[in-house]
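Visitor: Prediction below, plus the sequence it came from.
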Amino acid sequence: MFTATLIAAGRLTPNTLADARERLAAADCTPMTLAWIDEGDAADLTFGSSPDAAREALENAFHRIDVVVQPAEGRAKQLLVADMDSTMITVECIDELADYAGLKPQIADITERAMRGELDFEAALDARVALLRGLDEAAIDRCRAERVTLMPGARALVRTIRARGGMAVLVSGGFTRFAEPVAAEIGFDRAIANVLEIADGHLTGTVARPIVGAATKKATLLEYRAALDLPDTATLAVGDGANDLSMIEVAGLGVAYHAKPIVAAAAIARIDHNDLTALLWAQGIPRAEWVD
């Protein structure tokens, strides 16, 4: 048994669900039940076979509707491993920090290329941080206060998973000075990120080793999955950039969130139109049970 969850907060209609059911039937997916999770927001269509055919039939078939196809069993997740920049928060912290040094366009271009998978992540991080050499340390706290905004739905996603007995870990290729307070504000159990090196109140232009990148993100998911003795299906990973691909590919449900093309193409699920609460509906959790 499989479930196709259609998500379009405030915009989902019975006609759309009927159309989706017909598309599943035409793709020989053996559609079965149809039920609202929250009327007008999200609904489940269960079907008996061919999940890949179901994805092909439903994804991109409807305007501004996200579709998550997965096995019906094991939808509720007990471990969330999440990226931070442009996933749990709305900005790329290094780009915003660069603005305080008058270097945002130059550094943002490198960030974009790295997140698209066009540059090696570690080399790109070193290059960007080197450009920030000499920046006053006070700019970090100012940037966090003035520029960092939580992604809509971040608190509800993390706190609901934890309230249901799960664990949530923030793993960022960004920096601890941003990740630790962001993780605390949202409600994560732990934050893992890179350490900007500072001397005499100024950035040295270097990052402490080892660098937190794609390998760390994947290893973190596998480590906590083993420590919690969870099956693969109980894990959820979400991110937007190329350095998130490794963890997305090993998660039970790997989600590309408003992601770069290389990530969207590889992930088993995409959220392109809704906020992070879509990942609660994808687990079959109605709004009345969200914790925020």
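Guide: That came in fine, so what should we check first?
Visitor: Check the secondary structure at Leu222 for me.
Guide: For Leu222, the assignment made with DSSP: H, G, I helix; E, B strand; the rest coil gives helix.
Visitor: and it, what does it touch?
Guide: Val250 (CB atoms under 8 Å, 6 or more residues apart in numbering). Where C-beta positions appear, they are placed from N, C-alpha and C, glycine not excepted.
Visitor: correct me, but Asp41 touches Thr13?
Guide: No - applying CB atoms under 8 Å as the test, Asp41 and Thr13 come out as separate, 11.1 Å apart.
Visitor: who's more crowded, those two?
Guide: Asp41 (20 against 11; other CB atoms under 10 Å).
Visitor: can you pull the contacts of the more buried one?
Guide: Counting by CB under 8 Å, 6+ apart, Asp41 has contacts Ile7, Ala8, Ala9, Gly10, Leu12, Trp281, Arg287.
Visitor: just Ser172 next, same as before
Guide: Contacts of Ser172 (CB under 8 Å, 6+ apart): Asp83, Met84, Asp85, Phe178, Ala179, Ala191, Ile192, Ala193, Asn194, Val212.
Visitor: try 6 Å this time
Guide: Met84, Ala179, Ala193 (CB atoms under 6 Å, 6 or more residues apart in numbering).
Visitor: Can you read off the pLDDT for the second one?
Guide: At Ala179 the predicted local confidence, pLDDT, stands at 98.
Visitor: Any buried residues in the helix or strand hosting it, and which?
Guide: Per DSSP states H and E, Ala179 falls inside helix 176-186. Across helix 176-186, burial judged by 16 or more other CB atoms under 10 Å covers Thr176, Arg177, Phe178, Ala179, Glu180, Val182, Ala183, Ile186.
Visitor: what's the closest non-adjacent residue to the second one?
Guide: With CB to CB, 6 or more residues apart in numbering as the criterion, Arg177 has its nearest non-adjacent residue at 4.8 Å, and that residue is Ile140.
Visitor: where's the closest residue to Glu122 other than its chain neighbours relative to Ala193, distance?
Guide: Nearest non-adjacent residue to Glu122, counting by CB to CB, 6+ apart: Ile211, 4.9 Å away. According to CB to CB, to the nearest Å, Ile211 and Ala193 sit 10 Å apart.
Visitor: Next: Ala179.
Guide: Taken as CB to CB, the span from Ala179 to Ala193 is 4 Å.
Visitor: Over to Leu58?
Guide: 36 Å.
Visitor: One more: Pro71?
Guide: Taking CB to CB, one finds Pro71 at 32 Å from Ala193.
Visitor: Likewise for Asp19?
Guide: 43 Å.
Visitor: Next: Gly252.
Guide: In terms of CB to CB, Gly252 sits 24 Å off from Ala193.
Visitor: One more: Arg11?
Guide: Taking CB to CB, one finds Arg11 at 36 Å from Ala193.
Visitor: The two: which has the busier surroundings?
Guide: Ala193 (23 against 15).
Visitor: And the pLDDT for that one?
Guide: According to the model, Ala193 scores 98 on pLDDT.
Visitor: cool, and the one 3 residues further on?
Guide: The confidence metric pLDDT takes the value 98 at Leu196.
Visitor: follow-up on the earlier one: which helices and strands sit right next to the helix holding Ala179?
Guide: Applying 3 or more CB pairs under 6 Å, 6 or more residues apart in numbering; DSSP states H and E, we find helix 176-186 packed against helix 154-163, strand 167-175, strand 190-194.
Visitor: For Ala98, which of these is the nearest?
Guide: Of all the helices and strands packed on helix 176-186, strand 167-175 sits nearest to Ala98, with 12.4 Å by CB to CB.
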